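**Q** requesting a structural model of the entry that follows:
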Amino acid sequence: MNAPDRYEAILLAPGEKKIEVEVDTRLPSAAIFTFHKEDHTLGNMIRSRLLKTAHVTFAAYKVPHPLTPNFLLRVQTDGTITPRTAVVNACQALIKDLGILSREFTKEYELRKMANAANQQQNMGE
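**A** Numbering: from 1, shown residues only. As a prediction, this is how the structure comes out:
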C-alpha cells in the first residue's frame, strides 16, 4: 500500500546523480562518496578492493537506512593519490576482475555441459 514502486529503487530520478562527492575537511586526503540506487553488494566490493590498494589508508561504507537504496563510502589516502582516483581505479579493477570471473565461469559451464553430454551418450550406449 504505502510501499514505493519497485522501479524507484533502481532508476535515477530526473536530475539525480549516480555518485556525489564531498571532500571531508576533518581529515587530509579524505572524501565521502554517496552512491544512489545501490546497496551493500557494490559498497562491499568497492570497499574491499580499496583496502587492497597501496595508497588507501582507510575505506569503509555504511547504508544510512535499510529502506533507502544508497550508501556512503568514506575513503582516505596517504596523499599520493586523491580519493577520487582511488575509487576510479578500484572500480576499473573490479570491472576487470568481474570480466575474468565471467569468462572463467562460462568456460567451466561449457566444459561441464560437454562432459555431461558425453556421459549421457556413453550411458545410452550401454
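
**Q** what sits closest to K37 if chain neighbours are left out?
**A** P69 (5.1 Å; CB to CB, 6 or more residues apart in numbering). C-beta: built from backbone N, CA, C; applies to glycine.

**Q** what does the one you found show for phi and psi?
**A** Here is the backbone geometry of P69 (degrees, to the nearest 10): phi -80, psi 70.

**Q** ranges for the strands of the chain?
**A** For the chain, the strands defined by DSSP state E cover 19-23, 30-36, 56-62, 70-77.

**Q** that older thread, check contacts around the residue nearest to K37.
**A** 9-10, 36-39 (CB atoms under 8 Å, 6 or more residues apart in numbering).

**Q** quick check: which of the strands of the chain is buried the most?
**A** strand 70-77 (a mean of 21; mean count of other CB atoms under 10 Å).

**Q** may I have the strands that pair with it, each with its orientation?
**A** Here strand 70-77 has these sheet partners by DSSP bridges: strand 30-36 (antiparallel), strand 56-62 (antiparallel).

**Q** pLDDT on the last one, on average?
**A** Here strand 56-62 scores 97 as its mean pLDDT.

**Q** TSV for the strands of the chain, including distance to I95?
**A** What follows is the strands of the chain, written out as TSV (distance: least, CB to CB, whole Å):
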stretch	distance to I95
strand 19-23	15
strand 30-36	15
strand 56-62	18
strand 70-77	17
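
**Q** so in this structure, which helix runs the longest?
**A** Assignment by DSSP state H gives helix 83-125 as the longest helix of the chain.

**Q** by how many degrees do it and strand 30-36 diverge?
**A** Counting by axes from the mean of the first three to the mean of the last three CA atoms, to 10 degrees, helix 83-125 lies at 50 degrees to strand 30-36.
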